[in-house]
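1. below is the sequence, then the predicted model.
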Amino acid sequence: MRKQTLEERLEESEKNYRTFFFKPYPWQGMALEKLREKNTTAIISSNKIGKTALVINVLISWVLGYEPWECVEKGEGVERGGVWYRESSLGIKPPVDIILTGEDWKLHIGRVLVPELKKWTPTGWYTTKKNEQGTEYFWTFNNKSTLTIMSYSQDDDLFESFRAQGVLMDEPPPKSKYAAMSRGLLLDNGKTILSLTPIKEAWILDELVLSGRKDVGIVDGLKITDNPDLYGSDRETLKDLSDEQVDEFFNLLLYDNVEKKTPVSDKGARAERYLENLVSDETIIKLKVLKFIKDIDPSDVPPRIFGQFKSLVGRVLKEFDPDVHVIKPFDVPTDWPITAMIDFHLSTPQAISYWGVDKLNTHYCVRETWKNLSSEAIADDVIRKLRGGLRIEKVYIDPLAKGDTAYMRNQLGTNIEDAFTIISNKLVEHGITLSIASKDKVSGIKNIESWLKGPNNQPTCFLFDDCERHIYETKRWIYDDDGKPQKENDHFMENWYRYTLTGAKYSDYEVTPLPARRSCAERAWMGN
């Protein structure tokens, strides 16, 4: 028998122990860190980016209690065979019971998940049992950890009847099954991973992705070119072109309008025409991302190429990043000028924002009110904030407040003061001026975008994390089909853009200090 060469032995070792050779992509590395911080992590991405490979390797690490691909210094993690590995993100020592879920037994579980498990799991480290569908659904590992694979086609009752330490959901689960599995993790404070392309199960958007829950981590904004192997392969295919030409091809391939980041809708037709005079037909045929885009419906481009929920295509404030722009509240310094912005309504809750600016002219949304309030109560809300320590000198209100009397007369049949006058009369007693806010929405939105980006990528505006309605609307404010911001989820957004138009600066509010107090001797000498 021929003796194996060193290269052959290494190749066989990598094949039999592939998880030890897993090399996370940059986005996968980011996701791995998020898993350590949160009980539930939702990974929202395009197709063909390596979601399933990440899920399977994380599953293996949870089963083993350590990450086989991540070595650490001696004594810092888990020792196996004289080598120290990083402890798993699950944080529970084996044996553990893990659940893996998929859409159906035959296609998703049978042809994707099980083969991927066998590809990455070390040979000889497990045994399996098959179910009636012929799928290896129950896995027992040498360290007594177990894996149960379940399908969303099974009855909800089956998802209620387990106790586990970790659940990994590949592709979006029905809400009822997610809730049942969450309850099964409760006793051991287990963890959940959802890895999905946002084609269906819209409940995930509001209840997890946009919820702002402290226990939920979100990894999103992942498009198909974030797979460096796939993206690099296509760039290598176009190696005879300049970098600028390749970049132009991908811009045409991915976007109808690259500046506005509008997803492509022509199935790659413009991108292909661009290449026709630059490369051969044989080269064009080899381009994988182009083929993928040509084969999907344009309406599916946002989720399948950009990992976007369709309902969020066209977000107004794309620059907003909760991890950057949402901060923990702190005691607002008493010298910060605070501007109150009122989006006045006749039949919905009143939206009142309190924006402060520091000495560096960085702006902070420090308070919000979202309640059904009368005109008098609106003024009282501002006065209470003033007495609570906020230095409020200026308030701006929606122009509607000066035109609400016709509505009120129609409702009440009497002559009454408009809301502007009522609020102004109460505020002026406390030294606060009330003005009409600007309605230059286009300029205001541009100002917000500039603040969110900031000079040298250092933002100049932040939201306190208890300004929940601001955060809620910022994530949901989108353009309509005519390219205008929708009149929905926009109440605090109106306040925000109008605040940018006030020109508020710290220096505008600085108080001239009183002259230094003279001593008794000085006053006597001066005859005072």
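-> Perfect, thanks for sending it.

2. which of the helices or strands spans residue 369?
-> Residue 369 belongs to strand 363-371 when assigned by DSSP states H and E.

3. buried set for the helix or strand following that strand?
-> Of the helices and strands lying after strand 363-371 in sequence (DSSP H and E), the nearest is helix 375-387. For helix 375-387, a neighbour-count test (16 or more other Cβ atoms under 10 Å) marks 375, 378, 379, 381, 382, 383, 385, 386 as buried. Using the backbone N, CA and C atoms, a C-beta is placed for each residue, glycine as well.

4. on that earlier part again, so the strand holding residue 369 versus helix 375-387, what angle?
-> Strand 363-371 and helix 375-387 are oriented at 140 degrees to each other (axes from the mean of the first three to the mean of the last three Cα atoms, to 10 degrees).

5. so which elements touch strand 363-371?
-> On a contact count with 3 or more Cβ pairs under 8 Å, 6 or more residues apart in numbering; DSSP states H and E, strand 363-371 meets strand 350-357, helix 375-387, strand 461-464, helix 468-476, helix 491-500.

6. ok, for residue 193, nearest residue in space, not its chain neighbours?
-> residue 168 (4.7 Å; Cβ to Cβ, 6 or more residues apart in numbering).

7. which SSE is immediately downstream of the host helix or strand of the one you found?
-> Secondary structure assignment for residue 168, by DSSP H and E: strand 166-170. Next along the chain after strand 166-170, taking DSSP H and E as the criterion, comes helix 175-185.

8. show me where this protein dips below the pLDDT cut-off.
-> Residue ranges of the chain with pLDDT under 70: 1, 403-416, 508-528.

9. about what we covered before: for the residue nearest to residue 193, give its distance to residue 181.
-> As judged by Cβ to Cβ, to the nearest Å, residue 168 and residue 181 stand 10 Å apart.

10. quick one: common contacting residues for these two?
-> Taking Cβ atoms under 8 Å, 6 or more residues apart in numbering as the contact criterion, the common neighbours of residue 168 and residue 181 are 99, 101, 192.

11. what number of residues lie near the first one?
-> Right, the one you point to is residue 99. Neighbour count for residue 99, taken as other Cβ atoms under 10 Å: 23.

12. all the helices of the stretch 401-528 of the chain, residue numbers only.
-> Ranges of helices in the stretch 401-528 of the chain, per DSSP state H, counting those that start in this stretch, are 405-412, 419-428, 441-453, 468-476, 491-500, 520-525.

13. and of the ones you listed, who's closest to residue 338?
-> Nearest of the helices of the stretch 401-528 of the chain to residue 338, taken as Cβ to Cβ: helix 491-500 at 10.8 Å.

14. now the angle from that closest one to helix 441-453?
-> 90 degrees.

15. give me the contacts around helix 491-500.
-> By Cβ under 8 Å, 6+ apart, the list of residues contacting helix 491-500 from outside reads 316-317, 339, 341-343, 345, 348-349, 351-353, 355, 363, 365, 368, 370, 396, 398, 437-439, 441, 444-445, 447-448, 451, 469-470, 473-474, 477, 485.

16. could you check how far stretch 136-143 is from the centre of its chain?
-> Put simply, stretch 136-143 sits 35 Å off its chain's centre (Cα atoms, centre = their mean, to the nearest Å).

17. would you mark the buried spots in that stretch?
-> By 16+ other Cβ under 10 Å, the buried positions in stretch 136-143 come out as 136, 137, 139, 141.

18. now the two most distant members of these.
-> 137 and 141 (14.7 Å).

19. neighbours of residue 431, how many?
-> With other Cβ under 10 Å as criterion, residue 431 counts 9.

20. do you know how far the nearest residue to it once chain neighbours are set aside is from residue 337?
-> By the measure of Cβ to Cβ, 6+ apart, the closest residue to residue 431 outside its immediate chain neighbours is residue 393, 6.9 Å from it. Shown here: residue 393 relative to residue 337, a distance of 6 Å by Cβ to Cβ.

21. which one of these two is surrounded by more residues?
-> Legend: neighbour count by other Cβ under 10 Å for residue 393 and residue 337, higher for residue 337 (21 against 15).

22. beta partners of that one?
-> On the basis of DSSP bridges, residue 337 is bridged to residue 391.

23. isn't it right up against residue 390?
-> No: counting by Cβ atoms under 8 Å, residue 390 is not a contact partner of residue 337; they are 9.4 Å apart.

24. now the common contact residues for those two.
-> Listed as contacting both residue 337 and residue 390 by Cβ under 8 Å, 6+ apart are residue 356.

25. got the contact list for the residue nearest to residue 193?
-> Counting by Cβ under 8 Å, 6+ apart, residue 168 has contacts 55, 58, 59, 98, 99, 100, 101, 192, 193, 195.

26. pretty sure residue 177 is touching residue 102, no?
-> No: judged on Cβ under 8 Å, residue 177 makes no contact with residue 102 at a distance of 11.4 Å.

27. shared neighbours, those two?
-> Common neighbours of residue 177 and residue 102 (Cβ under 8 Å, 6+ apart) are residue 152.

28. circling back: including secondary structure and distance to residue 290, could the buried residues of stretch 136-143 go into a markdown table?
-> Converted to a markdown table, those look like this (DSSP: H, G, I helix; E, B strand; the rest coil; distance: Cβ to Cβ, whole Å):
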| residue | secondary structure | distance to residue 290 |
| --- | --- | --- |
| 136 | strand | 36 |
| 137 | strand | 38 |
| 139 | strand | 39 |
| 141 | strand | 42 |
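
29. so which of the contacts of residue 168 is the closest to residue 243?
-> For the contacts of residue 168, the nearest to residue 243 is residue 195 (32.4 Å; Cβ to Cβ).

30. perfect, I'm done here.
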